[in-house]
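Trainee: curious how this folds, go ahead:
(2 chains)
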Amino acid sequence: MKAYLTRRYRFSASHRLHSDSMSAEENQVVYGKCNNPYGHGHNYFLEVTVAGQVDSHTGMVCNLADLDTFVNEKIVERFGLSNLNTLPEFQGVVPTTENLCRELYRTLEEGFHFADVEKVRVEETMLNSFEYAGGKEIRK
Amino acid sequence: MLYLTRKAEFSAAHYYNNPEFSLEENQRIFGKCNNPHGHGHNYTLEVTVKGQVDACSGFVVDLKQLKDIMNREVIDALDHRFLNHEVPEFKHAIPTTENLAIAIWDRLNTKLRTAELHRIRVYETPDLFVDYYGEA
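Mentor: Alright, predicted model coming up:
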């Protein structure tokens, strides 16, 4: 039987939204306060959803300890308390939460092999959240 | 099609152990969850049903009926219970959140008449939940 397991994580990071393909004025118009030159920060919440058959021996889609280890090492440790604009992933890519979702999904899909990665959901603030499933339809 | 979700809460104890595994394997795979005296959670259950809105009543489902079925079939059976010892589904299956979601689906699916069960979501903690859609 197929089930979907979702785990929530948190990390804080700073970013500045600025695109080199636009003029300074255009950046101001498009990104507003998010374009302030020294950046600003958020407490992000990340929800990782993995899917798979429930193993008849363990009763699990995957072992939560494996998921926690992977996400803490590859995501929380890497992105937490960082300035996203300084990371190689965001050279030439604006660190919007949309692009952050895509990067987090890619990291999980490439590296986590204990279950299928279904989607990521990132809350930038209590009022904004973003979901990405690598092009798949998001299941509600 | 319209979707309606009803929440409920229950508190229960469980531990994870597979008698086919050695003591060491159980410890390695299940960690602290293998402690035989168990531990507990405040679970939150979300039951989502789907259906057409009835032209007369304006309901997808009679919420009182849904609430009564959830209370009778799920909450009364699981609340303040040690899942491994007191709930028949877990005499042999390990009471993980995955298996709990499947057991709750099976308990409700046959009892709902007017609406179709869409999803069972079980929160073990605010940071961990499982969705089950009745898929094989």
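Trainee: and whatever helix or strand B:Glu124 lives in, which residues are buried?
Mentor: Using DSSP states H and E, B:Glu124 sits in strand B:116-125. For strand B:116-125, a neighbour-count test (16 or more other Cβ atoms under 10 Å in any protein chain shown) marks B:Leu117, B:His118, B:Arg119, B:Ile120, B:Arg121, B:Val122, B:Tyr123, B:Glu124 as buried. C-beta coordinates here come from the backbone N, C-alpha and C atoms, glycine included.
Trainee: how about the contacts made by the residue nearest to A:Met60 when sequence neighbours are not counted?
Mentor: Nearest non-adjacent residue to A:Met60, counting by Cβ to Cβ, 6 or more residues apart in numbering or on different chains: B:Thr96, 5.5 Å away. Contacts for B:Thr96 (Cβ atoms under 8 Å, 6 or more residues apart in numbering or on different chains) come out as A:Val54, A:Thr58, A:Gly59, A:Met60, B:Tyr16.
Trainee: how about the residues you listed in CSV, adding pLDDT?
Mentor: Listed next are these as CSV, based on pLDDT from 0 to 100:
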residue, pLDDT
A:Val54, 98
A:Thr58, 97
A:Gly59, 97
A:Met60, 98
B:Tyr16, 97
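Trainee: per-residue confidence at A:Gly135?
Mentor: As predicted, A:Gly135 sits at a pLDDT of 89.
Trainee: and for A:Gly80?
Mentor: We have a pLDDT of 97 for A:Gly80.
Trainee: contacts for stretch B:120-136?
Mentor: Stretch B:120-136 is contacted from outside by A:1-9, A:49, A:61, A:64, A:139, B:41, B:43-48, B:97-98, B:100-102, B:104-105, B:108-109, B:117-119, using Cβ under 8 Å, 6+ apart.
Trainee: pretty sure A:Val93 is touching A:Asn99, no?
Mentor: Yes - counting by Cβ atoms under 8 Å, A:Val93 touches A:Asn99, with 5.4 Å between them.
Trainee: ok, the closest residue to chain B within chain A - contacts?
Mentor: Here chain A gets closest to chain B at one residue, A:Gly59, 3.5 Å apart by Cβ to the nearest Cβ. Contacts for A:Gly59 were tallied using Cβ under 8 Å, 6+ apart; they are B:Tyr16, B:Ala93, B:Ile94, B:Pro95, B:Thr96, B:Glu98, B:Asn99.
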